[in-house]
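Novice: Sequence first, then the predicted structure:
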There are 2 protein chains.
Amino acid sequence: MPQEEKVQGQGPESRKAMMDAQDEEIREKLKGFKNKFLVMSGKGGVGKSTIAAYLAVGLAKRDYQVGLMDVDLHGPSIPRLLGLKGNIQSSAESRKGIPLKYLPNMEVISIESLLGDKDTATIWRGPLKIGVIKQFISDIEWSNSDYLIIDCPPGTGDEPLTVAQIIPDTRAIIVTTPQEISLADVRKSINFCHQVNMKILGLIENMSGLRCPHCGKTIDLFKTDGGAATAKKAGLRLLGSLPLEPEIVLEGDNGSIAWMDKRDLPYTVSFSKIVDGVASLTKK
Amino acid sequence: MPQEEKVQGQGPESRKAMMDAQDEEIREKLKGFKNKFLVMSGKGGVGKSTIAAYLAVGLAKRDYQVGLMDVDLHGPSIPRLLGLKGNIQSSAESRKGIPLKYLPNMEVISIESLLGDKDTATIWRGPLKIGVIKQFISDIEWSNSDYLIIDCPPGTGDEPLTVAQIIPDTRAIIVTTPQEISLADVRKSINFCHQVNMKILGLIENMSGLRCPHCGKTIDLFKTDGGAATAKKAGLRLLGSLPLEPEIVLEGDNGSIAWMDKRDLPYTVSFSKIVDGVASLTKK
């Protein structure tokens, strides 16, 4: 590997050696994950983090070993969505961070679990973020896993670009709502993936219709099928469509995943199909 | 002004002189705006851009001169929300950009109106963004205005930090939904404002309840009153609460603002009160 080209001479030899060692450590760590997925969205608030968290849980409940890495440094929401308390501790032996365990076979890393005050604004300039994301791989004692699910902030900024660069075989799962303003941004995400040579596993359409809990009729709040049409046009697989479900919103707010066992909920049925689809499309 | 301290010696004298000249130009341009507001949110998808756009239009319709600056470089949505076509042209004389006019007394700048292909992903590393935001002020022929409304991407990253640094008398208008996961992020935005000494004009609670168009009953999709409670707790003014209105979502997707004339819509009534409130709180 042409490491000399990647590390720019910024100072003494020791600094370069340290960076080389970190890059090597990242490459080694990444070999421990069979499948890596970056959950992306063009626009915020489309339910990307929710889907990343639940996809990780869904795969873990199917007995896969799963790592969930939250690289949203400004608005990390994975710990809250999963009701995951506690802070990340260091191993006395290796001095590396030990990921939180949501399930015996599911590990989680988020900046939220590294910071003391949950309401503190993390003001990160771009270059700092790259360093943190690198450390999320090199300095964490991840188990060897079937899946690494990465939750990225919306848009096409430093975080997805960093992931694309340091984890070259990541595949994207793109989340959108059916409304045009979200689809416009999703087309940007698709172009981003083409630009950085990231393969796209497929698209998930979220918030696709809402059933009124009073009268049972469907409200097309953000329209419907826009995601399916966009997937078709871009030649992408539609991994599934999920309705907007007030009960799920409430559970997410409370860090509960009780909905996963409610097999009569249309959301549960659709989500389960998505997890099965992802599992069947990837190597064991 | 201690300019020497602000510009770091990065090269020849000419580069420093150019940066000094730009900083001076920014200071001069900013004197032309009586009131500056940064519309922020902790989380994406809470309707921040929609509120920024409609607030600008609402103020312009009340005969104020208004500038609307979209500093979301990854997912700019202002032009689509307002159905604003066309690209920004340069003045032959000054070689500066001429903002688009949405109304005779309302000017708009967005990266979307500078790029040819609307679906192109703009991959901006942090430092580049600072340059673009500076140019949005220094290199644009803004009219002297009563209001400059700035639409920022969600979170507490490079864009709001840059605005706080180069436009020190900006006041924040923070948008949230009533759900806990959004409120958690809003507390981060409030802390961010405290850290960078930005005054907060108030909080707007968006998507607060949804009336079923079939049965007329209210669905508390994202709960209600969480924004009001958060404002009270933080000692902030609640500028208003807006319901989630499928009709408005659809209009936003189509770039229409016909809803503003529908005086029987609860959204229209509430929004009008917010605009009146902002106008009464600020200097003419």
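Specialist: That came through, no problem.

Novice: ok, and the helix or strand in chain A with the lowest average confidence?
Specialist: Lowest by mean pLDDT, DSSP states H and E among the helices and strands of chain A is helix A:3-6, with a mean of 40.

Novice: Which stretches in the stretch 151-284 of chain A count as helices?
Specialist: Listed in chain order, the helices of the stretch 151-284 of chain A (DSSP state H, counting those that start in this stretch) span A:158-166, A:180-195, A:226-234, A:246-254, A:266-281.

Novice: As TSV, these with distance to chain B, mean pLDDT and mean neighbour count would be great.
Specialist: In short, each C-beta sits where N, CA and C put it, glycine included. Formatted as TSV, the helices of the stretch 151-284 of chain A follow (distance: least, CB to the nearest CB, whole Å; pLDDT from 0 to 100; neighbours: other CB atoms under 10 Å in any protein chain shown):
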stretch	distance to chain B	mean pLDDT	mean neighbour count
helix A:158-166	6	92	22
helix A:180-195	4	89	22
helix A:226-234	9	90	18
helix A:246-254	4	90	19
helix A:266-281	14	97	17
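
Novice: do you know which of those lies nearest B:Asn105?
Specialist: helix A:180-195 (25.6 Å; CB to CB).

Novice: The closest one to helix A:158-166, inter-axis angle?
Specialist: Following axes from the mean of the first three to the mean of the last three CA atoms, to 10 degrees, one obtains 30 degrees for the angle between helix A:180-195 and helix A:158-166.

Novice: Neighbours of the residue of the stretch 101-250 of chain A found nearest chain B, how many?
Specialist: The stretch 101-250 of chain A approaches chain B most closely through A:Gly126 (2.5 Å), counting by CB to the nearest CB. Close neighbours of A:Gly126, defined as other CB atoms under 10 Å in any protein chain shown, add up to 20.

Novice: Grab the longest helix from chain A for me.
Specialist: For chain A, the longest helix by residue count, based on DSSP state H, is helix A:13-31.

Novice: C-terminal to that helix, what's the next element?
Specialist: Heading C-terminal from helix A:13-31, the first helix or strand you meet, by DSSP states H and E, is strand A:33-40.

Novice: name the helices or strands packed onto that following strand?
Specialist: Here strand A:33-40 touches helix A:48-61, strand A:145-151, helix A:158-166, strand A:171-176, helix A:180-195, going by 3 or more CB pairs under 8 Å, 6 or more residues apart in numbering or on different chains; DSSP states H and E.

Novice: so what strands line up beside that strand?
Specialist: For strand A:33-40, the paired strands and their directions (DSSP bridges) read strand A:145-151 (parallel), strand A:171-176 (parallel).

Novice: so who does A:Gly126 touch?
Specialist: Residues counted as contacts of A:Gly126 (CB atoms under 8 Å, 6 or more residues apart in numbering or on different chains) are A:Gly157, A:Asp158, B:Arg125, B:Gly126, B:Pro127, B:Lys129, B:Asp158.

Novice: With A:Leu221 instead?
Specialist: A:Leu221 makes contact with A:Met207, A:Gly209, A:Leu210, A:Leu244, B:Leu210, B:Leu244, B:Pro246, B:Val249 under the criterion CB under 8 Å, 6+ apart.

Novice: Same check on A:Pro79?
Specialist: Contacts for A:Pro79 (CB under 8 Å, 6+ apart) come out as A:Asp70, A:Lys85, A:Leu100, A:Val108, A:Ser110, A:Glu112, A:Ser113.

Novice: Separate out the buried members of those.
Specialist: Neighbour counting over the contacts of A:Pro79 (16 or more other CB atoms under 10 Å in any protein chain shown) leaves A:Asp70, A:Leu100, A:Val108, A:Ser110, A:Glu112, A:Ser113 as the buried ones.

Novice: need the residues you listed in TSV with distance to chain B, secondary structure and pLDDT, can you?
Specialist: Output for these, formatted as TSV (distance: CB to the nearest CB, whole Å; DSSP: H, G, I helix; E, B strand; the rest coil; pLDDT from 0 to 100):
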residue	distance to chain B	secondary structure	pLDDT
A:Asp70	13	strand	96
A:Leu100	18	strand	96
A:Val108	16	strand	97
A:Ser110	13	strand	95
A:Glu112	9	helix	87
A:Ser113	14	helix	88
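
Novice: And stretch A:95-105, end to end?
Specialist: End-to-end distance for stretch A:95-105, by CA to CA, to the nearest Å: 22 Å.

Novice: list the buried ones in that stretch?
Specialist: Going by neighbour count (16+ other CB under 10 Å), the buried part of stretch A:95-105 is A:Gly97, A:Pro99, A:Leu100, A:Tyr102, A:Asn105.

Novice: circling back to that earlier point, farthest-apart pair in the contacts of A:Pro79, please.
Specialist: Greatest spatial distance among the contacts of A:Pro79 (CB to CB): A:Asp70 and A:Lys85, at 14.9 Å.

Novice: In TSV, list the buried residues of stretch A:95-105 along with distance to B:Asn191 and secondary structure.
Specialist: Below are those laid out as TSV (distance: CB to CB, whole Å; DSSP: H, G, I helix; E, B strand; the rest coil):
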residue	distance to B:Asn191	secondary structure
A:Gly97	25	strand
A:Pro99	26	coil
A:Leu100	24	strand
A:Tyr102	27	strand
A:Asn105	36	coil
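
Novice: could you list every residue that touches A:Leu265?
Specialist: Contacts here follow CB under 8 Å, 6+ apart; on that basis A:Leu265 touches A:Glu245, A:Glu247, A:Ile248, A:Trp259.

Novice: if we go to 6 Å?
Specialist: Contact analysis of A:Leu265 by CB atoms under 6 Å, 6 or more residues apart in numbering or on different chains lists A:Trp259.

Novice: cool, and the one 3 residues further on?
Specialist: Residues touching A:Thr268, when contacts are defined by CB under 6 Å, 6+ apart, comprise A:Trp259, A:Lys262.

Novice: returning to what we had before: rebuild the strands paired with strand A:33-40 as TSV, extending it with mean pLDDT and mean neighbour count.
Specialist: Shown next, in TSV, are the strands paired with strand A:33-40 (pLDDT from 0 to 100; neighbours: other CB atoms under 10 Å in any protein chain shown):
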stretch	mean pLDDT	mean neighbour count
strand A:145-151	98	25
strand A:171-176	97	26
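
Novice: want to throw these into JSON lines with distance to B:Ser138?
Specialist: Output for these, formatted as JSON lines (distance: least, CB to CB, whole Å):
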{"stretch": "strand A:145-151", "distance to B:Ser138": "37"}
{"stretch": "strand A:171-176", "distance to B:Ser138": "36"}
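
Novice: So for A:Ile190, which of the ones you listed sits nearest?
Specialist: Among these, the nearest to A:Ile190 by CB to CB is strand A:171-176 (6.8 Å).

Novice: List the contacts of that closest one.
Specialist: When contacts are defined by CB under 6 Å, 6+ apart, strand A:171-176 is touched by residues A:37-41, A:46, A:48, A:51, A:182-183, A:186, A:189, A:193, A:198-201, A:203-204, A:206, A:227.

Novice: Now restrict those to buried residues only.
Specialist: Buried members of the contacts of strand A:171-176, counted by 16+ other CB under 10 Å: A:37-41, A:46, A:48, A:51, A:182-183, A:186, A:189, A:193, A:198, A:200-201, A:203-204, A:206, A:227.

Novice: Please tell me I have it right and A:Leu210 contacts A:Ile219.
Specialist: Yes: using CB atoms under 6 Å, A:Leu210 is in contact with A:Ile219, at 4.7 Å.

Novice: Quick check: residues of the stretch 1-150 of chain A near chain B?
Specialist: Proximity of the stretch 1-150 of chain A to chain B, by CB under 6 Å from any CB of the partner chain, involves residues A:42-46, A:74-75, A:77, A:80, A:119-121, A:123, A:125-126.

Novice: Just the buried ones out of the residues you listed, please.
Specialist: Among these, those classed as buried by 16+ other CB under 10 Å are A:Gly42, A:Lys43, A:Gly44, A:Gly45, A:Val46, A:His74, A:Gly75, A:Ser77, A:Arg80, A:Ala121, A:Ile123, A:Gly126.
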